[in-house]
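Undergrad: no sequence on hand, only this structure:
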């Protein structure tokens with residue numbers, strides 16, 4: 001059974017072995033995430049090489065996403081690695097402190113003293129610890145513990161309601177972009193962008209480094225929510241990064257925001273990834289909780305392009321089982337999803353020829369109940385248009401460009417295939433596409449398929465032809 005929703009899995013110590021990685025890919029991984037918050041550049045380069053080697057050996061398409069660390073808004077280290085904070089106790093965040101203790105701790109983000117004031121609320125370790133700011137004196141932020149608990153080295157800091165001024169792209173991120181470009185990754189995720197300008201800068205840095213990666217904006221700041229439409233317009237996709245976002249806006253606000261973000265991304269013809277704690281219990285357990293099953297299923301029903309695993313596959317005990325469980329949940333949710341194509345077309349305005357051809361193809365495929373759509377595409381743009389609306393028919397994107405194959409690994413309901421494009425007429429090319437689908441076992445003689453292509457061929461964004469074909473009815477073309 002095919003699966004429309006793609007799975008992104010984070011690589012780490014639990015998933016860097018070739019045998020484990022192969023089993024994960026066979027279980028359903030479509031894109032691997034390299035988390036640049038951890039590890040050295042050479043570690044990421046080695047993992048990317050291993051992914052490509054394993055994927056090629058087993059005949060699977062797997063994209064690579066480089067996830068930038070972003071600004072380190074964290075506490076420093078403690079002399080004993082961790083402390084316990086009690087409710088009502090005073091505690092100092094000190095930008096000049098080197099090793100912390102039960103009374104104070106240092107800061108990686110030295111400018112925090114400028115971003116807070118009496119009355120500010122700071123949330124540490126994903127909101128598990130809450131501090132009320134009483135006053136700021138020089139390098140010291142004096143707080144009182146509202147909700148205590150164990151605090152260990154390098155835990156994150158958020159300000160309730162947002163307002164931290166740290167830039168989205170640090171010097172380390174700029175170095176990591178160059179590394180990612182040298183690795184020819186397919187996607188670069190930018191952490192903590194506040195505006196469209198952050199995303200435009202990331203894109204410029206990628207291109208300057210010789211990369212062609214698509215940019216994914218991680219929505220995890222209040223400011224990003226306020227500028228959501230502009231950030232989406234400046235990006236190739238977004239990640240609903242629910243961890244830090246929940247800390248800043250409040251956990252109760254996240255489900256509605258998730259639905260809004262995914263809907264907006266699809267309306268703007270951009271990608272959407274839903275992330276954070278989707279199957280977290282499977283770090284230690286071989287089976288998900290019922291709440292996690294519902295969470296993944298609801299993201300699928302919201303229309304997300306992909307669901308993402310973090311620690312579950314990076315450091316968990318059951319990386320393969322987690323991927324298999326997520327794939328199973330996605331398939332069941334997709335099977336129950338209602339296809340509402342006609343109503344989705346009512347407010348569509350077609351402004352481009354390739355967009356018109358793409359949407360005409362999915363309209364035709366839906367109403368004719370064809371077996372498949374075959375989109376002959378250079379860059380993948382045609383397939384992206386098609387993937388934004390659910391017509392209930394799989395889209396097979398045939399391209400002569402290897403980079404377009406892996407880029408389309410993240411598009412919902414799109415299954416990319418590499419097709420060698422020999423010098424030929426358009427009709428011969430369409431016939432080659434039909435043969436490729438037959439040889440792959442996707443269609444059989446007598447099936448109807450919808451084919452789209454561009455004329456002249458080989459031009460990105462040039463789709464202008466739609467053809468309905470009954471497989472096997474045509475006489476072979478002369479070569």
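TA: Noted; the coordinates are in hand. The structure displayed is predicted, hence computed values, not measured ones.

Undergrad: list the contacts of residue 311.
TA: Listed by C-beta atoms under 8 Å, 6 or more residues apart in numbering, the contact set of residue 311 reads 10, 12, 280, 283. Backbone N, C-alpha and C define where each C-beta goes, glycine included.

Undergrad: and if you look at residue 436?
TA: 398, 417, 419.

Undergrad: report the two of the contacts of residue 311 separated the most.
TA: 12 and 280 (14.5 Å; C-beta to C-beta).

Undergrad: ok, residue 108 to residue 157 distance?
TA: Going from residue 108 to residue 157 by C-beta to C-beta, to the nearest Å gives 9 Å.

Undergrad: any common contacting residues for these two?
TA: Contacts common to residue 108 and residue 157, judged by C-beta under 8 Å, 6+ apart, are 73-75.

Undergrad: backbone dihedrals for residue 13, please?
TA: phi -60, psi -30 (degrees, to the nearest 10).

Undergrad: my bad, residue 179
TA: phi -60, psi -40.

Undergrad: skipping adjacent residues, who's closest to it in space?
TA: Distances taken as C-beta to C-beta, 6 or more residues apart in numbering place residue 41 nearest to residue 179, at 4.6 Å, with adjacent residues excluded.

Undergrad: cool, and residue 357?
TA: In space, residue 357 is closest to residue 463, 4.7 Å off (C-beta to C-beta, 6+ apart).

Undergrad: now, among the shared contacts of residue 108 and residue 157, which is nearest to residue 174?
TA: residue 73 (17.9 Å).

Undergrad: how is this protein divided into domains?
TA: Domain assignment of the chain by automatic domain parsing yields the ranges 6-69+168-335, 77-159, 341-470.

Undergrad: mind putting those domains in CSV, mean pLDDT included?
TA: As requested, these are exported to CSV (pLDDT from 0 to 100):
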stretch, mean pLDDT
domain 6-69+168-335, 96
domain 77-159, 94
domain 341-470, 84
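
Undergrad: what sits against residue 50?
TA: With C-beta under 8 Å, 6+ apart, residue 50 has these contacts: 16, 18, 21.

Undergrad: of the contacts of residue 311 - the most surrounded one?
TA: If you count neighbours using other C-beta atoms under 10 Å, the busiest of the contacts of residue 311 is residue 10, which has 24 neighbours.

Undergrad: does it really touch residue 33, like I thought?
TA: Yes. If you go by C-beta atoms under 8 Å, residue 10 and residue 33 touch, sitting 4.3 Å apart.

Undergrad: joint contacts of those two?
TA: 67, 308, 310.

Undergrad: who is the spatially most central residue of the chain paired with across the strands?
TA: Centroid-nearest residue in the chain, with C-alpha atoms, centre = their mean: residue 273, separated by 3.8 Å. Taking DSSP bridges as the rule, residue 273 bridges to residue 239, residue 306.

Undergrad: gap between it and residue 407?
TA: Taking C-beta to C-beta, one finds residue 273 at 14 Å from residue 407.

Undergrad: and the host helix or strand of residue 434, which residues are buried?
TA: Per DSSP states H and E: residue 434 is located in helix 426-439. For helix 426-439, the neighbour count (16 or more other C-beta atoms under 10 Å) marks 429-434, 436-438 as buried.

Undergrad: how far away is residue 274 from residue 240?
TA: 5 Å.

Undergrad: what's the answer for residue 300, then?
TA: 13 Å.

Undergrad: over to residue 334?
TA: 19 Å.
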